[in-house]
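Undergrad: fold the stuff below for me.
(one chain, ligands or ions: 2)
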Amino acid sequence: MKSTCPTLLVLLCCTLLPACSRPMPDRCVLTSSTRVQFDPELAPLAEYLTAYLPVTLAPNDANRNDAIRLRIDTALSAEAFRLEIDASGITLAGADYGGVFNGIQALFRSMPPEIYAKTRPERIELADTVWTDGPRFSYRGMMLDVARTWQGPDAVKRFIDLLAYHRINKLHLHLADDEGWRIEIRSHPELAEIGGFRGGDSPVRAVYGKWDEKYGGYFTQAEMRDLIDYAAVRNIEIIPEIDLPGHSRNIASVHPEIRCNYPPDTLATNGYDYRSAWCVAREENYALLADMLGEICELFPSEYIHVGGDEVDVSQWQRCPDCRRLMRQKGITDPHRLEDLFMKRVTEILAAHGKRPAVWNEAAASGEFTRDSRIYGWQHVKACLDATAKGYPTVVMPGAYFYFDMRQTPEEEGHDWAAIFDAKKVYGFDFAELGFSEEQMRHVAGLEGAFFSEAYVSHHPELPDYLDYMCYPRICALARIAWRGNEQGWEDFYRELVAEHYDRMVAMGIRFRLFPPRISYRDGTFTVETDDRSTIYYIEEGSPEEHRYKQPIHTDEPHRYRFFTRYHTARSPYVADKSYYRTLTPVFSLTTSMGESSSAPYANAETYKGLSRTRRACRRQDWIRYDFAEPVRCREMFLQTGNRQLPKTIITTGTVEISYDGQRFEPIGKLEKGSIALHPDRPVKSVRIVSTCDDNGTPYVTIQPPRIKPVI
Ligand code: ACM
Ligand code: ZN
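TA: Ligands and ions are numbered 1, 2, ... in the order given. This is a model prediction of the structure:
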């Protein structure tokens, strides 16, 4: 066949191919008779293609001109590809397996978005193209925490598929933490069989999520091997993490002997031992570590095994006679240096299996840690600057830009301790602006996003909605800057996201977040706009019913409206006029039957400045009381125990009583997830929360300042 459409379009990745203006028939057309030829080592990719395209595999010696040809071309640089499309077919050459995979993703992007839905359209017509591209960084990663919230093989496979479409090539799986152990260890089956389940009668206390019910799960080694293979087909390496020597309360619940040698403080915690670090001085610990890490090394092909190293509570070592003796022997005065000793032993275990350690930035803070290790800089940009200045290969992932469990605007769900940010900030991460020198850039292995899952348990983790909403389009921005950088500029990237990538994500089934619509309220009229083809809706106070916004809304009660948008599988957060967010801060006194914490006294909540804590965990009949100096007239009073989004440090179950005179109380409702929203019809003098649970799973109860909305 001869092309009548000879235009060679040299396209940068991710831009849709412009439609060809010439007559159509002589274009490249894929149909069910199109065959895929491939170099032998590319067989898994040829197979991968058949799940998406209406094509069949050809014997290797086939020489047909309607074929897709997958080739290795070692003249290209690592993971780079050259994609040529003309009427004779598609020739895709990659430097290596990853290069061909990346080229397949480029090919997909030149096709109608529906191909991601695996509907295998009968006929796909393509414009002529020559497209050569390669990645900026060899490490383009995403971390998923399956320890705090269990996600099984099917959920992780879906996650891998979505990452692969974005040419993320590392999945860092956080497999063990204080709250869960998620990988079978054959020599110590109890680690997963007990540690994979918390709550109910498990010795592993539920700290997040359901308390009375035992729940959880873990990967068998066979399941993990299948997952490793599944990811490898998609050019993704799974890097396992066992978080050591801190974040180890789970394994310490199963094997209490690994802890330091002193009695725990369990008086305030209903008997639960919160110590979370391995004893560095206990020699037997290294035998258990050798067994368990040995199996991890054998199971995972990755060169690096992540062994944690973050947030170790060294006070446990300071109290331990054995650790103190070890410090004296070694001439150490700083207990943090015990982590160096521990990690040195762990590194020796890994080295015996031909592996290198990957660690969070704290583990290498002393600068004495083996240069063989890869550092994951999470705490702040400075941690990444320090690690690269010392010459460590560094994965850059400061939480303020790359922790996708952070909320995206102040009113949305998620954490906020690192920052509140959306995809625009991720895209704006700029090494030069942040002070990385050329020499430091040589030590940047790449970028990684992270989804820690302690809050996920309260967001229906059996559904993908919350994970998707938190991760996309932030992963799109991460993937772009890891692949190419951000020189394109935000405005242009945003236009491309909306014009092209939104439809792809819809076809991928991603329940992604839309940017909020712009609202204005002036002279009694709401006007709402979007620039992303989404449909605008609103809800009114007191009703969950959604209405289509079709024209400006005239109202003198703007606080009653909240707006949002939808686009197929995606939705935006709510936005409202500032009057919706207005709150009152009436004088009140807080008292409880559980005593007052000295570090977070009642005054924190009373002054609306922060949270208060009780001195101990709650038991049945324990109470919290809010007494207002003057009766408060309001349209809503929201009372909350625990931390926002986190089913932790709450009063797990309780009743709520209201008083209009400060004397007589009457029942008004029950706590849900530690909170209640009251809508009183009269001024309120006092409210009392009474616990109906005998334990809240944590050493104290947190009390947030009340959020009180005025009658307007
Ligand atoms: C971390 O977020 N503690 C690595
Ligand atoms: Zn010790």
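Undergrad: so residue 696 sits against residue 653, correct?
TA: No. With contact defined as C-beta atoms under 8 Å, residue 696 does not count as touching residue 653 (9.2 Å). For glycine as for every other residue, the C-beta is placed from the backbone atoms N, C-alpha and C.
Undergrad: looking at those two, which is more packed in?
TA: A direct count of neighbours by other C-beta atoms under 10 Å for residue 696 and residue 653 places residue 696 higher, at 29 against 17.
Undergrad: mind listing what the more buried one touches?
TA: 211, 617-618, 649-652 (C-beta atoms under 8 Å, 6 or more residues apart in numbering).
Undergrad: can you rerun that using 10 Å?
TA: Listed by C-beta atoms under 10 Å, 6 or more residues apart in numbering, the contact set of residue 696 reads 211, 270, 594, 614, 617-619, 622, 641-642, 647-654, 674, 702.
Undergrad: what do you get for residue 120?
TA: For residue 120, the contact set (C-beta under 10 Å, 6+ apart) comprises 30, 32, 50-55, 114.
Undergrad: just the buried ones from these?
TA: 30, 52-55, 114 (16 or more other C-beta atoms under 10 Å).
Undergrad: out of the contacts of residue 120, which one has the weakest pLDDT?
TA: When the contacts of residue 120 are compared by pLDDT, residue 32 scores lowest at 88.
Undergrad: measure that residue to ligand 2 for me?
TA: Using C-beta to the ion, to the nearest Å, one obtains 66 Å as the distance from residue 32 to ligand 2.
Undergrad: and the residue nearest to residue 219 when sequence neighbours are not counted, how many neighbours does it have?
TA: Closest residue in space to residue 219, ignoring its immediate chain neighbours: residue 183 at 5.4 Å, by C-beta to C-beta, 6 or more residues apart in numbering. Using other C-beta under 10 Å, residue 183 has 26 neighbouring residues.
Undergrad: residue 183 against residue 196, yeah?
TA: Yes. In this structure, residue 183 is within contact of residue 196 by C-beta atoms under 10 Å, at 8.7 Å.
Undergrad: which residues do these two both contact?
TA: Overlap between the neighbourhoods of residue 183 and residue 196 consists of 147, 176, 218-219, taking contacts as C-beta under 10 Å, 6+ apart.
Undergrad: and those residues, which is closest to ligand 1?
TA: Taking C-beta to the nearest ligand atom as the measure, ligand 1 sits nearest to residue 147 out of these, at 11.6 Å.
Undergrad: which bits of the stretch 201-350 of the chain sit near ligand 1?
TA: Counting by C-beta under 6 Å from any ligand atom, the positions of the stretch 201-350 of the chain adjacent to ligand 1 are 310-311.
Undergrad: swap the cut-off to 8 Å and go again
TA: 247, 308, 310-311 (C-beta under 8 Å from any ligand atom).
Undergrad: now the helices: where do they sit in the stretch 551-700 of the chain?
TA: 578-581, 602-606 (DSSP state H, counting those that start in this stretch).
Undergrad: buried residues, the longest one. List them.
TA: So the one you mean is helix 602-606. 602, 604-606.
Undergrad: swap in the shortest one?
TA: For helix 578-581, the buried set under the neighbour-count rule, 16+ other C-beta under 10 Å, comprises residue 580.
Undergrad: quick one: average pLDDT of that helix?
TA: Mean pLDDT, taken over the full extent of helix 578-581, equals 96.
Undergrad: summarise which helices and strands that helix is packed against.
TA: When contacts are defined as 3 or more C-beta pairs under 10 Å, 6 or more residues apart in numbering; DSSP states H and E, helix 578-581 packs onto strand 518-522, strand 561-567, strand 707-709.
Undergrad: need the residues that contact it.
TA: Contact with helix 578-581 is made by 410-411, 521, 541, 557-562, 574, 707, 709-710, 712, as judged by C-beta under 10 Å, 6+ apart.
Undergrad: quickly list what's touching both of residue 696 and residue 653.
TA: Listed as contacting both residue 696 and residue 653 by C-beta under 10 Å, 6+ apart are 211, 674.
Undergrad: strands along the stretch 101-250 of the chain, start to end?
TA: Counting by DSSP state E, counting those that start in this stretch, residue ranges of the strands within the stretch 101-250 of the chain are 124-126, 129-133, 139-145, 170-177, 180-181, 197-198, 215-216, 237-244.
Undergrad: now render these as a markdown table, adding mean neighbour count and mean pLDDT.
TA: Compiled in a markdown table, the strands of the stretch 101-250 of the chain are given as follows (neighbours: other C-beta atoms under 10 Å; pLDDT from 0 to 100):
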| stretch | mean neighbour count | mean pLDDT |
| --- | --- | --- |
| strand 124-126 | 18 | 94 |
| strand 129-133 | 19 | 96 |
| strand 139-145 | 25 | 98 |
| strand 170-177 | 26 | 98 |
| strand 180-181 | 28 | 97 |
| strand 197-198 | 25 | 94 |
| strand 215-216 | 20 | 93 |
| strand 237-244 | 24 | 98 |
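Undergrad: surely residue 238 and residue 230 touch.
TA: Yes. Under the criterion of C-beta under 10 Å, residue 238 lies in contact with residue 230, with a separation of 9.3 Å.
Undergrad: name the residues contacting each of those two.
TA: Going by C-beta under 10 Å, 6+ apart, residues that sit against residue 238 and also against residue 230 are 156, 160.
Undergrad: quick check: residue 155 touching residue 146?
TA: Yes. Residue 155 lies in contact with residue 146 (C-beta under 10 Å); the separation is 8.5 Å.
Undergrad: just checking, residue 221 touches residue 182?
TA: No. Counting by C-beta under 10 Å, residue 182 is not a contact partner of residue 221; they are 11.8 Å apart.
Undergrad: now do the shared contacts for the two.
TA: Contact with both residue 221 and residue 182 is made by residues residue 192, according to C-beta under 10 Å, 6+ apart.
Undergrad: so for the two, which sits in the more crowded spot?
TA: residue 182 (28 against 16).
Undergrad: that one and residue 654: what is the separation?
TA: Here the distance between residue 182 and residue 654 works out to 32 Å (C-beta to C-beta, to the nearest Å).
Undergrad: before we move on, what about residue 629?
TA: Computed with C-beta to C-beta, the distance linking residue 629 and residue 654 is 25 Å.
Undergrad: more neighbours, the two?
TA: residue 654 (26 against 10).
Undergrad: who touches that one in this structure?
TA: 618, 620, 622-624, 641, 669-672, 674, 676, 688-693, 696, 701.
Undergrad: pull the number of nearby residues for the closest residue in space to it that isn't next to it in sequence.
TA: Setting aside the residues directly before and after it, residue 654 is nearest to residue 671 in space (C-beta to C-beta, 6+ apart), at 4.4 Å. Each residue near residue 671 was counted by other C-beta under 10 Å, and the total is 23.
Undergrad: equivalent analysis for residue 380, please.
TA: Residue 380 has 15 nearby residues by other C-beta under 10 Å.
Undergrad: skipping adjacent residues, who's closest to it in space?
TA: In space, and not counting its chain neighbours, residue 380 is closest to residue 398: 5.3 Å by C-beta to C-beta, 6+ apart.
Undergrad: now do residue 652
TA: Using C-beta to C-beta, 6+ apart, the nearest residue to residue 652 is residue 693, at 4.3 Å.
Undergrad: can you list the strands that whichever strand in the chain runs longest pairs with?
TA: For the chain, the longest strand by residue count, based on DSSP state E, is strand 623-632. Paired neighbours of strand 623-632 in the sheet (DSSP bridges): strand 588-592 (antiparallel), strand 684-691 (antiparallel).
Undergrad: can you list the ones you listed in JSON lines and add mean neighbour count?
TA: Written out in JSON lines, the entries for these read as follows (neighbours: other C-beta atoms under 10 Å):
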{"stretch": "strand 588-592", "mean neighbour count": "18"}
{"stretch": "strand 684-691", "mean neighbour count": "22"}
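Undergrad: among those strands, which is nearest residue 303?
TA: Distances from residue 303 to each of the strands paired with strand 623-632 were compared using C-beta to C-beta; the minimum, 51.0 Å, belongs to strand 684-691.
Undergrad: give me the pLDDT for residue 25.
TA: At residue 25, the pLDDT recorded in the model is 54.
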